[in-house]
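*Asks:* Sequence first, then the predicted structure, then my questions.
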Amino acid sequence: DTGVSQNPRHKITKRGQNVTFRCDPISEHNRLYWYRQTLGQGPEFLTYFQNEAQLEKSRLLSDRFSAERPKGSFSTLEIQRTEQGDSAMYLCASSQRGTPNEKLFFGSGTQLSVL
Amino acid sequence: AQSVTQPDIHITVSEGASLELRCNYSYGATPYLFWYVQSPGQGLQLLLKYFSGDTLVQGIKGFEAEFKRSQSSFNLRKPSVHWSDAAEYFCAVGFRDMRFGAGTRLTVKP
């Protein structure tokens, strides 16, 4: 079990630039989730996929945010025209639908700093 | 709408003392409830979860939690805290669109 892998671990960018993060879930997991966590807060749900289909999106996910999971395996989260308010830890999690005790496994996150 | 409240932002306990972290939730149906722990630089780790059945749930690392529907609570307990338990603890409700509380930071005094 290699766990959920996220890259990069840290990203520093200038306001207005685009950034892309990658998440590799546990290989047999068909569900993948993105969360955002700011300092002193709990994670906030952004979106989730079942296989390649994006089934739910939070209102937090503005038009500048887009997530994909083209082959039902890894996923990318892109933020266009970054703003300072986008600075946060972006967490990815995965799970296997249908297992009796389905649970989320989280990656270590990508820390984004927008200058 | 589902939501979670963790009333205590920061708790300090002595090593060996008992611990209780509070969690109150708001949810329209029978909730799925979780406790996660997050150490610096680490991902969230699931301590325990409640889906249905026995309202006292045992988790990893000696933690347990009790679901009380009448109080809309899911408090986390541990009878004897170890220094390695120092971390941030999050209560969460829901499932696919899980809602987390703001967290409780636990400090353990020697």
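*Replies:* Sure, I can see it. Numbering: from 1, shown residues only, chains lettered A, B, ... in the order given.

*Asks:* For chain B, which helix or strand comes out least confident on mean pLDDT?
*Replies:* strand B:99-100 (a mean of 90; mean pLDDT, DSSP states H and E).

*Asks:* Give me the helices and strands touching it, please.
*Replies:* Helices and strands touching strand B:99-100, by 3 or more CB pairs under 8 Å, 6 or more residues apart in numbering or on different chains; DSSP states H and E, are strand B:3-5, strand B:87-93. Every residue, glycine included, has its C-beta placed from N, CA and C.

*Asks:* Most tightly packed of those strands?
*Replies:* Highest mean neighbour count of the helices and strands packed on strand B:99-100: strand B:87-93, a mean of 24 (counted as mean count of other CB atoms under 10 Å in any protein chain shown).

*Asks:* quick one: it near chain A?
*Replies:* Yes: applying CB under 8 Å from any CB of the partner chain, one finds strand B:87-93 touching chain A at B:90, B:92.

*Asks:* Show me the contact partners of that strand.
*Replies:* A:42-43, B:2-4, B:6, B:21, B:23, B:25-27, B:31-39, B:44, B:47, B:74, B:76, B:98-101, B:103-106 (CB atoms under 8 Å, 6 or more residues apart in numbering or on different chains).

*Asks:* picking up where we left off before, the helices and strands packed on strand B:99-100: which one's closest to residue A:32?
*Replies:* With CB to CB as the measure, strand B:87-93 is the member of those nearest residue A:32 (17.3 Å).

*Asks:* Tell me which residue is most central in chain B.
*Replies:* In chain B, the C-alpha nearest the mean C-alpha coordinate belongs to residue B:35, at 3.8 Å (CA atoms, centre = their mean).

*Asks:* which of the contacts of strand B:87-93 are buried?
*Replies:* A:42-43, B:2, B:4, B:6, B:21, B:23, B:25, B:27, B:31-38, B:44, B:47, B:74, B:76, B:98-101, B:103-104, B:106 (16 or more other CB atoms under 10 Å in any protein chain shown).

*Asks:* Next step: those residues restricted to strands.
*Replies:* Counted as lying in strands by DSSP state E, out of these, are B:4, B:21, B:25, B:33-38, B:47, B:74, B:76, B:99-100, B:104, B:106.

*Asks:* Residue B:57 contacts residue B:75, correct?
*Replies:* No: counting by CB atoms under 8 Å, residue B:57 stays clear of residue B:75, with 11.0 Å between them.

*Asks:* before we move on, back to that, check contacts around the residue nearest to the centre of chain B.
*Replies:* By CB under 8 Å, 6+ apart, the contact list for residue B:35 reads B:21, B:23, B:46-49, B:59, B:63, B:65, B:74, B:76, B:89-92.

*Asks:* can you check residue A:90 too?
*Replies:* Residue A:90 neighbours (CB under 8 Å, 6+ apart): A:6, A:21, A:34-37, A:77, A:109-112.

*Asks:* and what of residue A:66?
*Replies:* Residues near residue A:66 by CB under 8 Å, 6+ apart: A:77-78, A:80.

*Asks:* who does it bridge with?
*Replies:* The partner list for residue A:66 in beta bridges (DSSP bridges) reads residue A:78.

*Asks:* residues contacting the closest residue in space to residue A:71 that isn't next to it in sequence?
*Replies:* Of all residues not flanking residue A:71 in the chain, residue A:52 sits nearest, at 6.4 Å (CB to CB, 6 or more residues apart in numbering or on different chains). Shown in contact with residue A:52 (CB under 8 Å, 6+ apart): A:69-72.

*Asks:* want to throw those into a markdown table with neighbour count?
*Replies:* Formatted as a markdown table, those follow (neighbours: other CB atoms under 10 Å in any protein chain shown):
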| residue | neighbour count |
| --- | --- |
| A:69 | 23 |
| A:70 | 9 |
| A:71 | 9 |
| A:72 | 15 |
